[in-house]
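In: Curious how this folds, go ahead:
(chains A and B)
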Amino acid sequence: MPLPFEKPIDDLEARIRDMRAYADEQDVDLSGEIAALEQRLASLTRETFAKLDRWQRVQVARAAGRPTALDYLARVVEDFSELHGDRALGDDPALVGGLARLGDHGLVVLAQQKGRDTKENIHRNFGMAHPSGYRKALRLFDLADKFGLPVLSLIDTPGAYPGITAEEQGQAWVIAASIQRMSRLRVPAVSVVIGEGGSGGALALAVANRVLILEHAIYSVISPESCAAIRWRDAAEAPRAAEALKLTADDLLEQGVVDSVIPEPVGGAHKDPDGAVEAVRVAVSEAFAALRDHSSESLMAQRHERFRRMGRVLEAA
Amino acid sequence: MALERWFRRKRPTRGDDDASPTGLWLKCPGCHAQIYRKDLIGNLYVCPECGFHERMPVEARVAMLADEGSFERWSGAVMPSDALGFVDTEPYTERLQAAQSKTDRPDAILTGAATLEGEPVALAVMDFGFLGGSMGSVVGEEIARAAERAADEDRAFVSVAASGGARMQEGALSLMQMAKTTVALEALARRRLPYVSVLTDPTTGGVTASFATLGDLVVAEPGALICFAGPRVIQQTIKQDLPEGFQRAEFLLRKGMLDDVIARPALKSRLAGYVRVLRAGLASCAGSAVVRDAALAAPSLDHDDGAPASDGEEALQRATAV
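Out: Okay, here's the model as predicted:
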């Protein structure tokens, strides 16, 4: 399913496919025409994605077919082996953790996993973790610290799950604890927002030395729909809320919330998942390489300072 | 139906932004008794009939907690800014101005030094009457500064939360206040100064999910709504009725999320008692090098040269240069 603004691109792709099929069937040479159309397709895609508004970016960030955390883990790191469970309540499939390698180095990985289809989405609770998920993160932070393993987290969640048991089991408490525990890591931590960075549920795993974001990913205090429902009393005003919230990668870079933006292939990560995965692999490797030689103390100090200076205030005269 | 709703909306409810009741007589939201306003105020905004805890104005809260004449205000040196140029049905700047003139405060928080039954503390009290007590950059900064200054001045830290959560008009910058307040609490942890968090009605969202639940002790007032996601959001998500008393202080106490639920008249002496006991432990061990060196789990963020980091990047560079 193309996104609404992808319709002209989709139509053009269909025309090229048809023309190819026709050329094959009739055994005629249409290579000149096809090449011209492909050129048009490339420039149309480039132009469309160069001027996406914020609501369209939100749609790209959530697009079906966009690589999920496990798609990245398959190639950004080596030998990913999942570690299950929080040792108290259960195992939360929305928040995946495990061990992996990055070159010669070991790594602890935490990732928010959305489903790639309806069935997996139900299994993964659409990437919305319960307290058990954050408790799993807490124990894996401990593991990382104990064995001096850097931490990579991939962020992609609409938010922490809002439900009865989630509240009973202290959703707010575990998110706060996760923020605190991650801020105290004695090892390098890199976070990549790969899709949706949904509020506190995302921040809980993003208190890193370096926070990277994919070009069409978003990171926000509230979803545009919920913001619209509260501020305009109408969820249909989500496009206006998206504009107001300034939640795109460029906005966040300007606000100092993220450190750098990873460019996506033209047409978005969902158009070229391999290209997106490779871009993340390179960016993650570079980020860890830059942090590798730092002492625990300087890593903690840098992380502390990074978050301590967040926000904009005016000093009163 | 529509007409009925019109009338219902006009009646002041507990959900209103304004924490300070006006008018001579008030109807208790708990028992519906008519209460003389002065009686309610004189009773720390607790219904004399049924014990219902009304929201309490910030100044009254400080007067109730601080020893007489001991409070010295710290907050007020930073003002909010409209970093995003946020406009919904009204510009954020206008909402800020309206809230500032209503409360006579730059933002939704008051902090300062005080003594509680002689115990030196720093107090941070959130103002639900200021844009729903939402946490933007200023609230986050004031909490952070208060925690750090408390550590510098060898004071315990007591926060009184009342908040609708992060201030969405400041976008992701408000979200980051959750991390900012959290890292600022390290200053207290490093010096092993107690932090006691009091959750009052309502404490929700990003405030519950950050500094407010990171106290060494976390207590709440009776009946306070305390949650991550609000009841309406949950109801919309699960499309079921919520259990009786769900997300109220007593419910969370039963679920093991709170150290205690404390009625307002007892709050001051209980807080002072906590601080006294927690500080007595270290004081009695002061001579013991073993205990001192054992340090706590909280990492030291001090640099090798002992100077605090002025800038994280600089800290990184300095570390590589060594």
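
In: And the helices in the stretch 101-250 of chain A?
Out: Shown for the stretch 101-250 of chain A, the helices assigned by DSSP state H, counting those that start in this stretch span residues A:118-123, A:131-146, A:164-168, A:171-183, A:199-203, A:224-231, A:238-245, A:249-255.

In: how about those helices, which one is nearest B:A161?
Out: Closest of these to B:A161 is helix A:171-183, at 11.0 Å (criterion: C-beta to C-beta). Quick note: C-beta positions are derived from backbone N, CA and C, even for glycine.

In: re earlier: how about the helices of the stretch 101-250 of chain A in TSV, adding distance to A:L70?
Out: Output for the helices of the stretch 101-250 of chain A, formatted as TSV (distance: least, C-beta to C-beta, whole Å):
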stretch	distance to A:L70
helix A:118-123	10
helix A:131-146	15
helix A:164-168	23
helix A:171-183	21
helix A:199-203	17
helix A:224-231	26
helix A:238-245	27
helix A:249-255	22
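
In: which residues in chain A form strands?
Out: Secondary structure of chain A by DSSP state E: the strands cover A:78-82, A:95-102, A:105-112, A:151-157, A:189-198, A:210-214, A:218-220, A:260-262, A:313-315.

In: Could you list the residues in contact with the third one?
Out: The set of residues external to strand A:105-112 that reach it, using C-beta atoms under 8 Å, 6 or more residues apart in numbering or on different chains, is A:69-70, A:72-73, A:77, A:80, A:94-101, A:127, A:129, A:137, A:140-141, A:143-144, A:147, A:149-157, A:201-202, A:205, A:288, A:292.

In: coming back round to it: reformat the strands of chain A as CSV; add mean pLDDT.
Out: Formatted as CSV, the strands of chain A follow (pLDDT from 0 to 100):
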stretch, mean pLDDT
strand A:78-82, 97
strand A:95-102, 98
strand A:105-112, 97
strand A:151-157, 98
strand A:189-198, 98
strand A:210-214, 98
strand A:218-220, 98
strand A:260-262, 98
strand A:313-315, 95
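
In: who's in contact with residue 255?
Out: You didn't pick a chain, so chain A it is. Contact partners of A:Q255, counting by C-beta under 8 Å, 6+ apart, are A:K246, B:A83, B:G171, B:A172, B:L173.

In: that's the wrong chain, I meant chain B
Out: Neighbour list for B:K255: A:E168, A:Q169, A:G170 [criterion: C-beta under 8 Å, 6+ apart].

In: Which one (most neighbours) among the residues you listed?
Out: A:G170 (23 neighbours; other C-beta atoms under 10 Å in any protein chain shown).

In: That residue touches A:Y134, doesn't it?
Out: No - A:G170 is beyond contact range of A:Y134, at 9.4 Å (criterion: C-beta atoms under 8 Å).

In: so what's residue 83 closest to, chain neighbours aside?
Out: Went with chain A since none was named. A:G98 (4.8 Å; C-beta to C-beta, 6 or more residues apart in numbering or on different chains).

In: oops, chain B please
Out: Distance criterion C-beta to C-beta, 6+ apart; nearest residue to B:A83, sequence neighbours excluded, is A:R312 at 4.1 Å.
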